[in-house]
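Participant: Turn this into a model:
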Amino acid sequence: MNRITILNRIYLPLFCCVMLLGACTKKFDQINTDRNTVATIGSAELPFLFAKAEASAVPNIWNYQVAQNLFADQYAQYFACTATYFPSDRLNIRMDWVGAAFNPIYTDMVPQLQSITKAAAPGSAEAALADIVWVLGFHRVTDYWGPIPYFQAGQPGNSVAYDAQDKIYDDFFKKLGAAVAVLKTKTNETPYGTFDLIYGGNVNKWIKFANTLRLRLALRISKVDPARAKTEAEAAVAAGAFTDSPGDDALIKKSLKGDDNNGLSRMSDWNEFRMSASMESVLKGYQDPRLPVYFLPDGATKANPNGNGKYDGLRNGLTATQLTESANLATANSKVGKRWSSADFAGNDNFLETPQNIMSVAEAYFLRAEGALLGWSMGGTAKELYEAGITNSMKQWGITDAAAVTAYINSINVPVAPGDFLNSPAVSDAPIKFAADVPTQKKQIAIQKWLAIFPDGTEAWADYRRSRTFILYPVANSENPDIPDPKTQWIRRIPFLLSEKQNNKTAVDAAVPLLGSGGDKLTTPLWWDKN
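Facilitator: Alright, predicted model coming up:
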């Protein structure tokens, strides 16, 4: 091979590369710009971001089961597990599942809301709604774990610090108060329009929502900081909380498009959970007209919508062996109600599009009733507010017969023994009719609130841990070494995620002392839990 040939083989390709590189650099900006990203976020993009944030602030479709149903829904004893392969009902927590209540907040909600906050005009209705949804999403997370990454959420870095729950709650109250102040000057606007999946941009509805959420959080801290709780609750009521169902009730739209079905509906036909014995004891004892709304008769199908005509539940925490007994099978117990079930199980064809419950008018009245018992200015007596809560819950679920509702309110019915596999006694002795003594009144308010906020197990479990005035059945069996005797101990939080301990170890280690002396265990009470 001669020298010219060698040089040609060396320099000709090099020359071509140089020429090609030169040509490329002329279009460098164009070639190196990702055309699938939004380079500049303006007003046109904000509605899309807000809709995504709303949908992610609460567990949606595929996250619902592993974020809520297998944990809070069962710990609130709305449902009990019938599947032998799920250990969570026996307090054996799968950390790779429960992360679905944590991760989507940081990956799907926080970036959207932070982008809105940067792009929206300061003091705008759009920014105010973003702050409200921020609190909606984060209060559910902190009430699972306690300390969480909050003030540095969404910021770049190898480690994201955890913040104390009292500091997080302080920020919640500030955000909600400031948002309402802004929205009261924007009542003629419709921020995000139809992209707002809850209220369609109705500012007046959002004002009531924010105040009711503020009221909820005020009651949450009523034992740990009663003075702050009173101030926040009275401010929320004075500024205007929910008053009338169904108009004020907060529900988020669901759709067959975009893989955005109702999560409870999506998993209901898997037949892995049924009515709990606690729900059976109360609903059947009270002869509650919401029973056939919340649940279907045992064995209901399209061909036989009445099933066996009975409603049955089972105790939480049954062993895999106990779950194989005929009385504990899914077919022998009551499935979640028609609106969340397919037509094959006596439900409806549009069950996947059933709006997801976020917060109800009835809850607002029960919160006010409890506040009235504490001596707070709640705009009515405890009895008046308690009865208004029942009335609005009935209205929410389509029970509008005034005579029937009045008869229920004045009933002396009490919960009954459910007749379950374990021959459990009645879960409570509290009647419906408002009692004369305060301890029973507190119990009655707690029971009716628990019934009214169904099926939101996340809130029901948080409120149960906070109040402990109405005591649910102890879990039948515990597989968690931290709770050897579920009759004397109960689950009070979710331990920090294994993934966080692996990927954010420094921050998690620093967060453990924020929990107090109990350490990172499920028996350690959160900051507001003083029971």
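Participant: which residues touch residue 376?
Facilitator: 230, 233-234 (CB atoms under 8 Å, 6 or more residues apart in numbering). Using the backbone N, CA and C atoms, a C-beta is placed for each residue, glycine as well.
Participant: neighbour-wise, which of those residues leads?
Facilitator: Neighbour counts for the contacts of residue 376, by other CB atoms under 10 Å, peak at residue 233, which reaches 28 neighbours.
Participant: before we move on, back to that, same list (the contacts of residue 376) but as a markdown table, adding pLDDT, distance to residue 398 and secondary structure.
Facilitator: Shown next, in a markdown table, are those (pLDDT from 0 to 100; distance: CB to CB, whole Å; DSSP: H, G, I helix; E, B strand; the rest coil):
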| residue | pLDDT | distance to residue 398 | secondary structure |
| --- | --- | --- | --- |
| 230 | 98 | 35 | helix |
| 233 | 98 | 30 | helix |
| 234 | 98 | 33 | helix |
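Participant: nearest to residue 495, of the residues you listed?
Facilitator: Nearest to residue 495 among the contacts of residue 376 is residue 233, at 30.9 Å by CB to CB.
Participant: May I ask you to confirm that that closest one is in contact with residue 220?
Facilitator: No: at 10.3 Å, residue 233 does not count as touching residue 220 under the criterion of CB atoms under 8 Å.
Participant: hey, where'd the strands end up in this structure?
Facilitator: Ranges of strands in the chain, per DSSP state E, are 79-81, 148-149, 162-163, 250-252, 273-275, 356-359.
Participant: For the fifth one, which helices and strands make contact with it?
Facilitator: Think strand 273-275. Under the contact definition 3 or more CB pairs under 8 Å, 6 or more residues apart in numbering; DSSP states H and E, strand 273-275 sits against strand 79-81.
Participant: quick one: strands adjacent to the strand it packs on?
Facilitator: Looking at strand 79-81 with DSSP bridges, its partner strands are strand 273-275 (antiparallel).
Participant: Contacts for the partner strand, please.
Facilitator: Contact with strand 273-275 is made by 69, 73-74, 79-83, 294-295, 311-314, 330, 333-336, as judged by CB under 8 Å, 6+ apart.
Participant: Among the residues you listed, the buried ones, what's the ChimeraX command?
Facilitator: In ChimeraX, this line selects whichever of the contacts of strand 273-275 come out buried by 16 or more other CB atoms under 10 Å:
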select :69,73,74,79,80,81,82,294,295,311,312,313,314,330,333,334,335,336
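Participant: Show me the contacts of strand 273-275 that map onto helices.
Facilitator: When DSSP state H defines the helices, the subset of the contacts of strand 273-275 inside them is 73-74, 294.
Participant: for the closest residue to residue 295 other than its chain neighbours, what are its contacts?
Facilitator: The shortest distance from residue 295 to any non-neighbouring residue, by CB to CB, 6 or more residues apart in numbering, is to residue 334 (4.1 Å). Each residue near residue 334 by CB under 8 Å, 6+ apart is listed here: 274-275, 280, 295-298, 311-313.
Participant: what's the answer for residue 70, then?
Facilitator: Per CB under 8 Å, 6+ apart, neighbours of residue 70: 81, 86, 88-89, 94, 97-98.
Participant: can you check residue 66 too?
Facilitator: Neighbouring residues of residue 66 by CB under 8 Å, 6+ apart: 94, 97-101.
Participant: give me that answer again for 10 Å
Facilitator: 59, 88, 94, 96-101, 263, 267 (CB atoms under 10 Å, 6 or more residues apart in numbering).
Participant: that older thread, let me have the ones in helices among the contacts of strand 273-275 in CSV, extended by distance to residue 215 and pLDDT.
Facilitator: Shown next, in CSV, are the ones in helices among the contacts of strand 273-275 (distance: CB to CB, whole Å; pLDDT from 0 to 100):
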residue, distance to residue 215, pLDDT
73, 23, 98
74, 27, 98
294, 25, 98
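Participant: Reformat those as TSV; add distance to residue 506.
Facilitator: As requested, those are exported to TSV (distance: CB to CB, whole Å):
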residue	distance to residue 506
73	33
74	33
294	45
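Participant: Residue 468: which of those is nearest?
Facilitator: When the ones in helices among the contacts of strand 273-275 are compared for distance to residue 468 (CB to CB), residue 74 wins out at 17.6 Å.
Participant: Can you give me the separation between the closest one and residue 503?
Facilitator: Relative to residue 503, residue 74 is positioned 28 Å away (CB to CB, to the nearest Å).
Participant: Residue 479 too?
Facilitator: Computed as CB to CB, the residue 479 to residue 503 distance reads 27 Å.
Participant: just to revisit the earlier point, nearest to residue 360 among the contacts of residue 334?
Facilitator: Using CB to CB, the contacts of residue 334 come closest to residue 360 at residue 295, 18.2 Å.
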